[in-house]
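**Q** Everything below, folded, please.
(2 chains)
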Amino acid sequence: MERISSPSPQLGAGLARPVARTRVRSVGPALAAVAGLVAAVLTVMAVASSQILVEPRLSGAFRGAFVLASVGVGAYTWWRRPASGFGPLFAATGLLFALTSLNASAASLTFTVGRVVYAVVMLALLYVCVSFPLGRPPTRRERRFVALFGAVGAVLWLLILALAVELPPGGPFADCEGACPENALRFIDGGADIGRVLGDAVGVVTVAAFVVTAVLLLLRLGESDRAAQRTLAPLFLSLIAVLVALAADTITRQAFGARPAAISAAVAAAILSLPVAMLAGQLRGRLFAARGLGRLVADVAGTPVTAHDVQALVGDALGDPTLTIARWDESEQTYRAAQGGAIAAGAPPSGRLQLELTRDGRPFALVEYAATLDQPRDVLRGAVAGGLMLLDNTQLAEERGRLVAELRASRARMAEATFAGRVQIERDLHDGVQPHLSALLVKLGIARDLAGEEPELRALIDELGDDAAAAVSELRTLARGVYPPLLRERGLAQALQAFAMTAPVTVRVEERGRHATSPAATAAVYFTVLEAIQNAIKHGGPDVSIDVTFDRGPQALTFAVVDDGRGFDARATETGVGLVSMADRIGAAAGELDIESVVGRGTTVKGWVPTV
Amino acid sequence: MAIRVVIGEDSAVVREGIQRMLERIDDIEVVSASADFPTLRAAIAESRPDVVLTDIRMPPTLTDEGIRIAVELRASAPDVGVVVLSQHVEPTYALALLEGGSSRRAYLLKERLRDSTELTRAIREVARGGSVIDPLVVDELVAARTARENSPLRELTESETAILGMIAQGLSNSAIADELVVTKRAVERHINAIFLKLGLRDAEDVSRRVKAALVYLADQQPA
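**A** Numbering: from 1, shown residues only, chains lettered A, B, ... in the order given. Sure, this is the predicted structure:
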């Protein structure tokens, strides 16, 4: 997850109060872990040395393992998700379980307390199950159920403690056959049968409670999003295992009055699977979030997103549709949500939490999310940082697009201005200079006639005529280079055909289609193609022949100048000024140019410009 | 009888210059001079001249009004000759002028104004039914075609190439003979040889062969 934000390490590196908070965060889990370790060791020692238990070693191993697993998973959860109460709750349940080792004692009061603790642990375990993973029952129906089960259990146990000589069995491998001490708290003798009936009732109620817990969980699965489903699914399976094992235990005890070791082992394994399932669920949920985030980045990368999209995507990936991402507004000095409203940092509404992200030590973004959101803060931070990076990318891409469009437009304007300039110069030459030269020529003609047979005068007039004719010829060449009249009057193909007529090699010009181009684009194509033809004539060899084609489609005029000359090695040739200026001309006309050449096989210059 | 000429030229100085130049020629009579396309058209309709001497570009479009007049007259008054004065050396314009046929058409560059004899020769030639193409236009074509590696023009002798150029300029057999100082018979033999080598027809018809030669030189498919 951290890798997503790696391009800007500072991004997401900080909560607003990062260091102090992290240190405080790890004290509770660490203490719990140490306490759990100590409790597990004491449990194993106390139970394994029991004088009354039939299977002291197995019982000790099971109880030690459960204490260790519960406190361990609780501590881990506490550490990863300090905001959730589930970690301390589960750790406390594990520590409470250690006290069931009291029923390994031969002293009847200690033994009795141990058995009662086991009953309380079962209640706590159910509470843990319905509270997973948030640390408290998600709805009223779970709270009511736990309360009901507690009440029924309390009534049954009060009756047992008051009446029964023999207490109900205390979990797997907790049997002591005839060696069990009697109920130390009994004050009325209710007879042996009463004890057995109440004990069976406790067993049935417990199985029923686990069935109900499983059903409640199933309901929650149906109401949850995928991330939560992945978290809850292992616990559901584990609960099924527990209730099946407990049911088998209760039935065999009623049928045979005894407890086969295999049944005890199954119950032990099923109960042990509870902390494992809760750990697996959390890890799966995290993994799912990671995948969701991976998909978020992979799916969306490259497509434009809005601040709204990012908020929805991150919320969806993390499983909190109410998640709000607000960005720091430097001018207003406040956080602004995607919806536009300002959000105050440090004062989240009840039931919601906030996470502040900084960049380069300055406020950057504020995430506000449901307090029930079951994601570690680093996942949240990574997701938001990744999402905002997508937003940054979009904004950069938009900015880039705007700049490119601006540059393109300014280039087109410059090309248009250049073109207009060319047209003006050509007109000035023809309409301004040409008539004066023509007048000069005709007056020279008249002067020549008037000079009659004066040889010296005639010779001088002829010299003047030569000079004037040279000026006319120069002017013609100049005007043609600026903007050939044929191009304006007869179009691209005819202007180039005219050039082809006076070319020293064969140049064929073909034109298809009727869609017109803007005058500026037409001129750009004309001068580009002309240059390509001139290059082919210059470098193609004496017997080169050149084919020029124009295809005027509804979207674009595509053109190609194909010669069968010597060609050149495009990789070895520095991109010449000529080639660059050709590409520039076509680019300014909003088109594209491509030059391919193979040594010995000729050169192709092709491209397109938009038609109108 | 004098050749009656109508002038079309938008530049007043040039128009008056041409008028002045032609006034001195006995067999040419300038009947009117116009400064734009519609006026010229009206003047032609009114005075039915023998020859129209016109600038290629005139108001209103300043493009190829001179050629448009010639094309119109080919249909409406085939007896009227047209001399187009042009600043364009491109054969495209000359070929456009000959589009409907080469008789009674002349395409001259404005450089020719410096010598009244060239101008009057063209006027007389079109009045007689002949055609004239400016040597500069033809020369450029001949040079380009001869330069080409596999051009049939390379099979022509030097004098044959020169004669082909003169044919394209509209010179008659006797004019060519005078130019080369050979007999008319020799010129005819040469011309037959050239047309045979190039695979051209109409060697005999002077007015048609101008276009044939020009089209051939311009590397255009004959229409």
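
**Q** residues in contact with the residue of the stretch 301-450 of chain A found nearest chain B?
**A** Of the residues in the stretch 301-450 of chain A, the one nearest chain B is A:Val442, at a distance of 3.4 Å by CB to the nearest CB. For every residue, glycine as well, the C-beta is placed using N, CA and C. Counting by CB atoms under 8 Å, 6 or more residues apart in numbering or on different chains, A:Val442 makes contact with B:13-14, B:17-18, B:21, B:113-114.

**Q** Nearest residue to it in space, ignoring adjacent ones along the chain?
**A** Of all residues not flanking A:Val442 in the chain, B:Gly17 sits nearest, at 3.4 Å (CB to CB, 6 or more residues apart in numbering or on different chains).

**Q** Shouldn't that neighbour be within a strand?
**A** No: under DSSP: H, G, I helix; E, B strand; the rest coil, B:Gly17 falls outside any strand and is assigned helix.

**Q** which secondary structure element contains the residue of the stretch 301-450 of chain A closest to chain B?
**A** helix A:434-451 (DSSP states H and E).

**Q** got it, and A:Gly150?
**A** helix A:140-163.

**Q** quick check: mean pLDDT across the lengthiest helix in chain B?
**A** Identified as the longest helix of chain B according to DSSP state H is helix B:184-198. Here helix B:184-198 scores 92 as its mean pLDDT.

**Q** Looking at the very next helix or strand once past it now, give me its mean pLDDT.
**A** Downstream of helix B:184-198, the next assigned helix or strand under DSSP H and E is helix B:206-217. When pLDDT is averaged over helix B:206-217, the result is 85.

**Q** before we move on, what about stretch A:520-539?
**A** Rounded mean pLDDT across stretch A:520-539 is 93.

**Q** buried residues in that stretch?
**A** A:520-533, A:535-537 (16 or more other CB atoms under 10 Å in any protein chain shown).

**Q** how distant is it from the center of its chain?
**A** Centroid separation for stretch A:520-539 versus its chain: 49 Å, with CA atoms, centre = their mean, to the nearest Å.

**Q** Just the C-alphas of it, formatted as PDB.
**A** Provided in PDB are the C-alpha atoms of stretch A:520-539 (Å, rounded to 0.1, in the frame of the first residue of the first chain):
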ATOM      1  CA  ALA A 520      -3.300  28.000 -45.400                       C
ATOM      2  CA  ALA A 521      -3.400  24.200 -45.200                       C
ATOM      3  CA  THR A 522      -3.400  24.100 -49.000                       C
ATOM      4  CA  ALA A 523      -0.300  26.300 -49.100                       C
ATOM      5  CA  ALA A 524       1.400  24.200 -46.400                       C
ATOM      6  CA  VAL A 525       0.800  21.000 -48.400                       C
ATOM      7  CA  TYR A 526       1.900  22.700 -51.700                       C
ATOM      8  CA  PHE A 527       5.200  23.900 -50.300                       C
ATOM      9  CA  THR A 528       5.800  20.600 -48.400                       C
ATOM     10  CA  VAL A 529       5.100  18.400 -51.500                       C
ATOM     11  CA  LEU A 530       7.100  20.800 -53.700                       C
ATOM     12  CA  GLU A 531      10.100  20.500 -51.300                       C
ATOM     13  CA  ALA A 532       9.700  16.700 -51.300                       C
ATOM     14  CA  ILE A 533       9.700  16.600 -55.100                       C
ATOM     15  CA  GLN A 534      12.700  18.900 -55.200                       C
ATOM     16  CA  ASN A 535      14.500  16.700 -52.700                       C
ATOM     17  CA  ALA A 536      13.700  13.600 -54.800                       C
ATOM     18  CA  ILE A 537      15.000  15.300 -58.000                       C
ATOM     19  CA  LYS A 538      18.100  16.500 -56.200                       C
ATOM     20  CA  HIS A 539      19.000  13.200 -54.400                       C
END
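
**Q** residues making contact with the lowest-mean-pLDDT helix or strand in chain B?
**A** Using mean pLDDT, DSSP states H and E, the weakest-scoring helix or strand in chain B turns out to be helix B:206-217, at a mean of 85. The contact list for helix B:206-217, computed with CB under 8 Å, 6+ apart, reads A:501, B:91, B:94-95, B:98, B:101-103, B:129-131, B:133, B:138, B:141-142, B:145, B:164, B:167-170, B:172-173, B:191, B:195, B:198, B:200-203, B:221-223.

**Q** Assign the residue nearest to A:Ile325 when sequence neighbours are not counted to helix, strand or coil.
**A** Nearest residue to A:Ile325, sequence neighbours excluded (CB to CB, 6+ apart): A:Gln311, at 4.7 Å. Put simply, A:Gln311 is helix when judged by three-state DSSP.

**Q** re earlier: quick check: which helices or strands does the longest helix of chain B pack against?
**A** Judged by 3 or more CB pairs under 8 Å, 6 or more residues apart in numbering or on different chains; DSSP states H and E, the packing partners of helix B:184-198 are helix B:158-169, helix B:173-180, helix B:206-217.

**Q** Among those helices, which comes closest to A:Pro172?
**A** A:Pro172 lies closest to helix B:206-217 among the helices and strands packed on helix B:184-198, at 112.5 Å (CB to CB).

**Q** how far does that closest one sit from the chain's center?
**A** 11 Å.

**Q** Where does the prediction get shaky in chain B?
**A** Residue ranges of chain B with pLDDT under 70: B:203, B:220-223.

**Q** Spell out which parts of it neighbour chain A.
**A** B:10-11, B:13-14, B:17-18, B:20-21, B:24, B:57, B:62-64, B:87-93, B:109-111, B:113-116, B:119, B:140-141, B:143-144, B:147-150, B:217-220 (CB under 8 Å from any CB of the partner chain).

**Q** Spatially nearest residue to A:Arg514 (excluding sequence neighbours)?
**A** Per CB to CB, 6+ apart, closest to A:Arg514 is A:Arg552, 6.0 Å.

**Q** how about the one you found, what does it touch?
**A** Contacts of A:Arg552 by CB under 8 Å, 6+ apart are A:511-517, A:611.

**Q** Please name the bridge partners of it.
**A** Note on A:Arg552: beta-bridge partners by DSSP bridges are A:Gly513, A:Leu557.

**Q** Would you mind measuring from it to A:Ala164?
**A** 104 Å (CB to CB, to the nearest Å).

**Q** and what of A:Glu531?
**A** For A:Glu531 relative to A:Ala164 (CB to CB), the value is 110 Å.

**Q** Ok, A:Phe173 next?
**A** On the measure of CB to CB, A:Phe173 and A:Ala164 end up 22 Å apart.

**Q** When the two are compared, which one has more neighbours?
**A** A:Ala164 (26 against 23; other CB atoms under 10 Å in any protein chain shown).

**Q** thinking that one is in contact with A:Gly199, fair?
**A** Yes: using CB atoms under 8 Å, A:Ala164 is in contact with A:Gly199, at 7.2 Å.
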